[in-house]
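Asks: I would like the atomic coordinates for the input below:
(one chain, ligands or ions: 2)
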Amino acid sequence: MKRGRTRTLRDKFSILEQIFGYKAFRGGQEEIIDAILSGQDALAIMPTGAGKSICYQVPALLLDGITLVVSPLISLMKDQVGSLGQAGVRAAYINSSLTASQVDRVLEELRYGTYRLCYVAPERLLNSRFLETVFKLDIALVAVDEAHCVSQWGQDFRPSYLEISRFIEALPERPVVAAFTATATQQVRRDMEALLELRDPLGVTTGFDRENLYFEVQRPHGRMDAAVRFVEERRGKSGIVYCLTRKDVEQVEERLVKAGIPATRYHAGLSDEERRRNQEAFQADECPVMVATNAFGMGIDKSNVTYVLHVGMPKNLESYYQEAGRAGRDGAPAECVLLYAEKDIALNTFLIQRDSEEQEGMDADLLELLVAQDRARLSSMVGYCKTTTCLRRHILSYFDEPRATDCGNCANCKQTFAEVDITVEAQKILSCVKRMDERFGKVLVSEVLKGKETGKPVEFGLHRLSTYGVLRDLTGKRILELIDALVAMDYLYVTETDIQRGVYPVVKLGPKARAVLFDGATVLMRVSETASAEPKKRGRKKRAEIEEMALANDDLFEKLRGLRTELARAQGVPPYVIFHDATLVEMSEVMPETEADFLEISGVGQRKFERYGAEFLAVIRGHLG
Ligand code: ADP
Ligand code: ZN
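Replies: Ligands and ions are numbered 1, 2, ... in the order given. Below is the predicted model:
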């Protein structure tokens, strides 16, 4: 193990400040960096957006020798290398998106010691040309990103991750190994440690909770309409709309564009060229709304996404939390809303099956195990969609981070429930079902209770029953709601019965009906007060207020943003690579006039200051007149 190989001239704080422009480390970062610098392996479990990259990028700049970053995310590599370049750090990547001669060039530069960091795809590690070069290098650190991929218990197992330990073992001298992931249950944690052969690693787990995210599940009737409405109500905001299928993506995007919303789309069926173009348009805020399948988003670090809307349920909570977590990266309040429909379960079950059939050459027992795990994950996801308790607690307990209290920032927490006494209505409904011999469906039951004078109630002679018309004062819709509630509470149940021409759902008395009919038991129904309309408004107001504060200097913010757009265009990079929105907001609030003050802004490092400081300062000075 290589201990104490740090360069003495610089320390982690000055790197954080001067290169990355941040004042302080976030939770977990410093401990991990210290461990790595002292030669200890590390295993870091931090949620998306917590800042894992800094944990290996800072050591990479302090250690003698190069840092290899193993990552499965090709789009992330390009982005990270681009961002590092902006901060004045030499880095490269090697993956299947490069041509053979481009790879050769990177390998050659590696031999010259040009780079501090090199990102590689796991498949590349045992490639002989790569090995030949790498064996001659002084490798100080191997950082394994998305380390859960090594585990068969994880949600995206990658066999090539199993080769990482072999690669490390083959190196002339063992570097420090640090593994990073956003999601890990106990089982996956153990696998990462064992299969990556970490040596006495420092384990760091930072909280999974993202307090600024608001969670909600809705079950609207027309989902497409609801999705379009949702986006229209948030006009001018940047958001991501995830759909389950390519077809849905196309439909939603088309409707949004028709409604005059600058939306774009992303799915695996589009050409590389279109995907790249659309992603760039989204990142540059030319098209602030992205409609996409789950193919979109790996490595996207767009800080001003204010909502993530799911039109359909993803296949597990890992995916959901990762996708939803792309909202609110700037720490400002953001919404994560899922539009659920019962049929999503069938679609996901089908997808799990299909994916398993596409796995070629995998051991049959292993495959069976993977499918069983996927099904279990799906059922936790369904649980999330159906629970009436705190949504955040549901998520956090799934990630083994139980929370003692309700969060107060999800739809279920904001919904206040009232108990309404429906004993009298329940008695009438239950006795009507009994008098109808438990032979009919709920619509006909409701029509008899309502006293409908035409159609089936009369045709079947049900208008002669004593319960005919006993709920005539209620609307048909209300009667159906009451029947549904009685079904949910086990006073009634619905079963299928063969009658003459086919199978029909039939309402029958449930186990709790007797007590109501014969012993006068009270029936209480839990109803949401004001049906969530009001709490939602409150949530939005809060965001608006905060934005108002944040953008107190809207005008200046827009000017700074304009300058950033120009600079980004000129270099062909996404704007946030130059400065994040949060950095521009701070500039517009603080309005630094001197170089020293400008350097104080979070996100302004030495290099970026040298490159952009003068121009941004000029805009600020101009604004102040
Ligand atoms: P992860 O890989 O954990 O999802 P990233 O490494 O992409 O997260 O970091 C998320 C965002 O947080 C990035 O924009 C990054 O620049 C920012 N960030 C990381 N560390 C800090 C810090 N100490 N102070 C301020 N911002 C930070
Ligand atoms: Zn809650």
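Asks: Tell me how far the residue of the chain found nearest ligand 1 lies from residue 145.
Replies: Of all residues in the chain, residue 51 sits closest to ligand 1, with a separation of 2.9 Å (Cβ to the nearest ligand atom). Where you see a C-beta, it was placed from the backbone N, CA and C, and this is true even at glycine. To residue 145, residue 51 is 13 Å away according to Cβ to Cβ, to the nearest Å.
Asks: More neighbours: those two, which one.
Replies: A count of neighbours by other Cβ atoms under 10 Å puts residue 145 above the other of residue 51 and residue 145, at 24 against 17.
Asks: Show the contacting residues for that one.
Replies: By Cβ atoms under 8 Å, 6 or more residues apart in numbering, the residues touching residue 145 are 52, 69-73, 76, 180.
Asks: Out of these, which sit inside helices?
Replies: Counted as lying in helices by DSSP state H, out of the contacts of residue 145, are 52, 76.
Asks: what number of residues lie near the closest residue to the residue of the chain closest to ligand 1 other than its chain neighbours?
Replies: Spatial nearest neighbour of residue 51, excluding adjacent residues (Cβ to Cβ, 6 or more residues apart in numbering): residue 26 at 5.1 Å. By the criterion of other Cβ under 10 Å, residue 26 has 14 neighbours.
Asks: which SSE is residue 26 in?
Replies: If you go by DSSP states H and E, residue 26 is not part of any helix or strand.
Asks: Check residue 505 too.
Replies: strand 502-509.
Asks: Rounded mean pLDDT for that strand, please.
Replies: Here strand 502-509 scores 77 as its mean pLDDT.
Asks: so where is the protein shaky, pLDDT-wise?
Replies: 1-9, 184, 299, 416-418, 496-504, 526-553 (pLDDT under 70).
Asks: who in it is up against ligand 1?
Replies: Within the chain, the positions near ligand 1 by Cβ under 6 Å from any ligand atom are 22, 25-26, 29, 46, 48-54, 301.
Asks: before we move on, back to that, how much space between the residue of the chain closest to ligand 1 and residue 269?
Replies: Where residue 269 is concerned, residue 51 sits at a distance of 34 Å (Cβ to Cβ).
Asks: which strands and helices sit next to the following helix or strand past the strand holding residue 505?
Replies: Next helix or strand after strand 502-509 toward the C-terminus (DSSP H and E): helix 513-519. Counting contacts by 3 or more Cβ pairs under 8 Å, 6 or more residues apart in numbering; DSSP states H and E, helix 513-519 is packed against helix 423-435.
Asks: From the contact counts, what lies against the helix it packs on?
Replies: Under the contact definition 3+ Cβ pairs under 8 Å, 6+ apart, helix 423-435 sits against helix 442-450, helix 476-488, strand 492-499, strand 502-509, helix 513-519.
Asks: Pull out the buried residues from it.
Replies: Neighbour counts using 16 or more other Cβ atoms under 10 Å place 425-433 of helix 423-435 among the buried residues.
Asks: ok, now stretch 128-137?
Replies: Buried residues in stretch 128-137, counting neighbours by 16+ other Cβ under 10 Å, are found at 130, 133-134, 137.
Asks: roughly how far apart are the residue nearest to residue 51 and residue 316?
Replies: 27 Å.
Asks: May I have the beta-bridge partners of the closest residue to ligand 2 within the stretch 101-250 of the chain?
Replies: Closest to ligand 2 within the stretch 101-250 of the chain is residue 215: 7.0 Å, counting by Cβ to the ion. Per DSSP bridges, the residues bridged to residue 215 are residue 336, residue 410.
Asks: That one - how many residues pack around it?
Replies: Residue 215 has 24 neighbours, counted by other Cβ under 10 Å.
Asks: what ranges do the strands span in the stretch 1-150 of the chain?
Replies: With strands called from DSSP state E, counting those that start in this stretch, the stretch 1-150 of the chain shows them at 42-45, 66-70, 91-94, 117-120, 139-144.
Asks: closest one to residue 557 among those?
Replies: With Cβ to Cβ as the criterion, residue 557 lies closest to strand 91-94 of these, at 30.6 Å.
Asks: what packs against the closest one?
Replies: Strand 91-94 packs on helix 74-86, helix 100-112, strand 117-120, going by 3+ Cβ pairs under 8 Å, 6+ apart.
Asks: looking at those, which is buried most?
Replies: Comparing the helices and strands packed on strand 91-94 by mean neighbour count (mean count of other Cβ atoms under 10 Å), strand 117-120 ranks first with a mean of 24.
Asks: next one: phi and psi at residue 205?
Replies: phi -120, psi 120 (degrees, to the nearest 10).
Asks: I'd assumed residue 42 was in contact with it.
Replies: No. The pair residue 205 and residue 42 does not pass the contact test of Cβ atoms under 8 Å, sitting 11.5 Å apart.
Asks: got the contact list for residue 322?
Replies: So residue 322 contacts 48, 182-183, 297 (Cβ under 8 Å, 6+ apart).
Asks: May I have the secondary structure class of the closest residue in space to residue 353 that isn't next to it in sequence?
Replies: What sits nearest to residue 353 in space, not counting adjacent residues and going by Cβ to Cβ, 6+ apart, is residue 371, at 7.3 Å. State at residue 371, reduced to three classes by DSSP: H, G, I helix; E, B strand; the rest coil: helix.
Asks: what's the spacing between residue 371 and ligand 2?
Replies: Distance of residue 371 to ligand 2, computed by Cβ to the ion, to the nearest Å: 32 Å.
Asks: Tell me how many other residues crowd that residue.
Replies: A total of 16 residues lie near residue 371 under the criterion other Cβ under 10 Å.
Asks: show me what contacts it?
Replies: Contacts of residue 371 (Cβ under 8 Å, 6+ apart): 352-353, 356.
Asks: Over to residue 163?
Replies: 122, 125-126.
Asks: Report the buried members of these.
Replies: For the contacts of residue 163, a burial check counting by 16+ other Cβ under 10 Å picks out 122, 125.
Asks: The closest residue to residue 398 other than its chain neighbours - how many residues pack around it?
Replies: With Cβ to Cβ, 6+ apart as the criterion, residue 398 has its nearest non-adjacent residue at 5.1 Å, and that residue is residue 317. Residue 317 has 21 neighbouring residues, counting by other Cβ under 10 Å.
Asks: if I look at residue 317, how far off is residue 558?
Replies: The value you get for residue 317 to residue 558, if Cβ to Cβ is used, is 38 Å.
Asks: Residue 331 now?
Replies: Distance, residue 331 to residue 558, using Cβ to Cβ: 21 Å.
Asks: mind putting the contacts of residue 163 in TSV, distance to ligand 2 included?
Replies: As requested, these are exported to TSV (distance: Cβ to the ion, whole Å):
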residue	distance to ligand 2
122	38
125	43
126	46
